[in-house]
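Trainee: Prediction below, plus the sequence it came from.
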Amino acid sequence: MTTPVKTNSSSRSATGRMAAVQEMAGLQRMLFEIEREFVRTATTLVYRVGDIELKYLICQHVWESAGHARFLRERGREMSGFGKDESVRESYRSIFEEAIRVEDPLVGLAGFYGVLKPALLAAYRHYLEATHHLADWPSRKLVEEFIADEERHLDEIIPSIEKIDLGEWGEHLSEALDAIGGWLGERPATPLPEGFKWTHLDAPYEHAETCNRGDFPVCSSVFGHNPDEDPIVREWLENPDTDARVIRLMVYVWLMMELDAVDYLATIFYDTPDAPFELHYDLARHLWDESRHSAFGFRQLPRLGVDLKTLEHSLDLYNILVKMSPPERYAMMTMEFEAGSFPVKANVMDRVRELSDFEADTLLAFDRNDEQQHVRYGHRWLPEIMKLHNVEGPVDAFVEATKKRFEEMAEIHGGKTPHSLMPERRLTGNKLLALARIEI
Ligand SMILES: [Fe+2]
Ligand SMILES: [Fe+2]
């Protein structure tokens, strides 16, 4: 039998005995929180920046950061003192909230990559110096890899931010970081200067009304029925007489337009601040998958003779869904658009196989595999996102009601983006037909 006094003293000495481990586990816990908060907030840049390759790159970095967080959590949980919950401390949250309260998305990007990420790199380096290289070798291996990733992230983003004058915004974020002595408190803290104002306390953050597509022409939707107007002619996709090369071009347009999924999925991280980490981890994977699907089209279409400046980007889905709640957005995506796409895509895949185009077959097979996974995510996480937003009742009924509401919202918010290009200039079904004939 153990007396209370004895328990206390033995737990005290246990703490003392394990102090070295607990100290490092504490640092890992901090790094985990920083990475997961980066994932939650940097995703708001995705729909705000207009450069398509930059959108893809942010999605890739978000995915890698989610991976860092996951490995930190796994390793951390092997160590005494990491903690069981997954919440983020308020001091970190304030800094990341601040980092997204900026008008110009490229200045925002530069804030993340010019201040917050270099400080994270410094924090990882500090971890390596602070820990014992033999005793904590499992963590050391991870941290060495993360350092290489962080260095590469900074290199990869340079072309996008090198001309940005970070000026006062950079100072503002640096001051916020200095006040906690760097992410890990690894340097002396400097109190916030007099007059420092947290802008995020003034106003809630709101997602952009529409997504940014930079210099690319835009429209409401690329799906339609008129080959003189629309690039994806629905009847042609299913008509067995359609030339398989036209089907291939159309499915690449379709894939490229999954950029709308990238933009609206990116809004859900911020909207679920209390999500279990596993949910954000799967969303990050989902996001990166959609960005790669879009890149399939973005890279392949020019090879097949398409001038991407003639292909209008469809904005309807973002514009409509951003007006709906996060569970509604996620329900439409996974339970309607993704779950409903398999039969049409199966037919498309069979037609494309006629061309013996190994690369096209490969891209479509991976797309299908990813999409199956996304529907599984939907089943797993929609009930969770509903709970986070206090939506009660059965999931099926919610999905049905959401489909109806989407129709209503589409009436109000859809079809509002006029064509940037006249039909003569625009990529249409008939232009794709002509291209397919040239390319024998
Ligand atoms: Fe996709
Ligand atoms: Fe998907």
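Mentor: Ah, there it is. Ligands and ions are numbered 1, 2, ... in the order given.

Trainee: Could you report the pLDDT at E74?
Mentor: Note on E74: pLDDT of 97.

Trainee: Show me the strands in the stretch 201-350 of the chain, by range?
Mentor: In the stretch 201-350 of the chain, the strands defined using DSSP state E, counting those that start in this stretch lie at 218-219, 223-224, 232-233, 313-314.

Trainee: A19 - how many residues pack around it?
Mentor: Number of residues near A19 (other CB atoms under 10 Å) recorded here: 12. Every C-beta, even on glycine, is put in place using the N, C-alpha and C of the backbone.

Trainee: Any chance of a markdown table for the strands of the stretch 201-350 of the chain, columns mean pLDDT?
Mentor: Formatted as a markdown table, the strands of the stretch 201-350 of the chain follow (pLDDT from 0 to 100):
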| stretch | mean pLDDT |
| --- | --- |
| strand 218-219 | 98 |
| strand 223-224 | 96 |
| strand 232-233 | 97 |
| strand 313-314 | 98 |
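
Trainee: closest to D260 out of those?
Mentor: Checking the strands of the stretch 201-350 of the chain against D260 by CB to CB gives strand 313-314 as the closest, at 6.1 Å.

Trainee: nearest to I180, of the strands of the stretch 201-350 of the chain?
Mentor: strand 313-314 (40.7 Å).

Trainee: The closest one pairs with which strands?
Mentor: When pairs are called by DSSP bridges, strand 313-314 turns out to pair with strand 218-219 (parallel).

Trainee: And R101, how far from L173?
Mentor: Here the criterion is CB to CB, to the nearest Å. By it, R101 lies 11 Å from L173.

Trainee: Compare those two (neighbour count), which wins?
Mentor: Neighbours were counted for R101 and for L173 using other CB under 10 Å; L173 has more, 23 against 18.

Trainee: which parts of the stretch 151-300 of the chain sit against ligand 1?
Mentor: 258, 290, 293 (CB under 5 Å from the ion).

Trainee: Just these: which are in helices?
Mentor: If you go by DSSP state H, these have 290, 293 in helices.

Trainee: Selecting buried members of the residues of the stretch 151-300 of the chain next to ligand 1 in PyMOL, what would you type?
Mentor: The buried residues among these can be selected in PyMOL (16 or more other CB atoms under 10 Å) with this line:
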select buried, resi 258+290+293
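
Trainee: From the residues of the stretch 151-300 of the chain next to ligand 1, pick the one nearest ligand 2.
Mentor: E290 (5.5 Å; CB to the ion).

Trainee: Share the number of residues neighbouring the closest residue to ligand 2 within the stretch 201-350 of the chain, please.
Mentor: Among the residues of the stretch 201-350 of the chain, E338 lies nearest to ligand 2; the distance is 4.8 Å by CB to the ion. By other CB under 10 Å, 21 other residues sit near E338.

Trainee: and what of E98?
Mentor: By other CB under 10 Å, neighbour count at E98 equals 21.

Trainee: which residues does it contact?
Mentor: When contacts are counted by CB atoms under 8 Å, 6 or more residues apart in numbering, E98 touches 172-173, 176, 198-200.

Trainee: which stretch among the strands of the stretch 201-350 of the chain comes nearest A401?
Mentor: Of all those, it is strand 223-224 that lies closest to A401, at 24.2 Å by CB to CB.

Trainee: Could you list every helix and strand in contact with that closest one?
Mentor: strand 232-233 (3 or more CB pairs under 8 Å, 6 or more residues apart in numbering; DSSP states H and E).

Trainee: Give the pairing partners of the strand it packs on; include direction for each.
Mentor: Paired neighbours of strand 232-233 in the sheet (DSSP bridges): strand 223-224 (parallel).

Trainee: Might you name the residue of the stretch 251-400 of the chain sitting closest to ligand 1?
Mentor: For the stretch 251-400 of the chain, the nearest residue to ligand 1 under the criterion CB to the ion is H293, separated by 3.8 Å.

Trainee: for the stretch 1-150 of the chain, same thing?
Mentor: Relative to ligand 1, the nearest point of the stretch 1-150 of the chain is C59 (12.0 Å; CB to the ion).

Trainee: give me the element that residue is part of.
Mentor: Per DSSP states H and E, C59 falls inside helix 52-78.

Trainee: Next, the buried residues of that helix.
Mentor: Buried residues in helix 52-78, counted by 16+ other CB under 10 Å: 52, 54-73, 75-76.

Trainee: ok, now stretch 354-370?
Mentor: 357, 360, 363-364, 367-368, 370.

Trainee: Closest one of the residues you listed to A130?
Mentor: Nearest to A130 among the buried residues of stretch 354-370, counting by CB to CB, is D370 at 39.3 Å.

Trainee: Keeping just the C-alphas, turn the strand or helix carrying E98 into CSV.
Mentor: Here E98, judged by DSSP H and E, is contained in helix 90-99. Extracted in CSV, the C-alpha atoms of helix 90-99 (Å, rounded to 0.1, in the frame of the first residue of the first chain):
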residue,chain,number,x,y,z
GLU,A,90,-2.4,31.1,-27.0
SER,A,91,1.0,32.8,-27.5
TYR,A,92,1.6,30.9,-30.8
ARG,A,93,-2.0,31.2,-32.0
SER,A,94,-1.8,35.0,-31.6
ILE,A,95,1.3,35.2,-33.8
PHE,A,96,-0.2,33.0,-36.6
GLU,A,97,-3.5,34.9,-36.4
GLU,A,98,-1.6,38.1,-36.8
ALA,A,99,0.3,36.7,-39.8
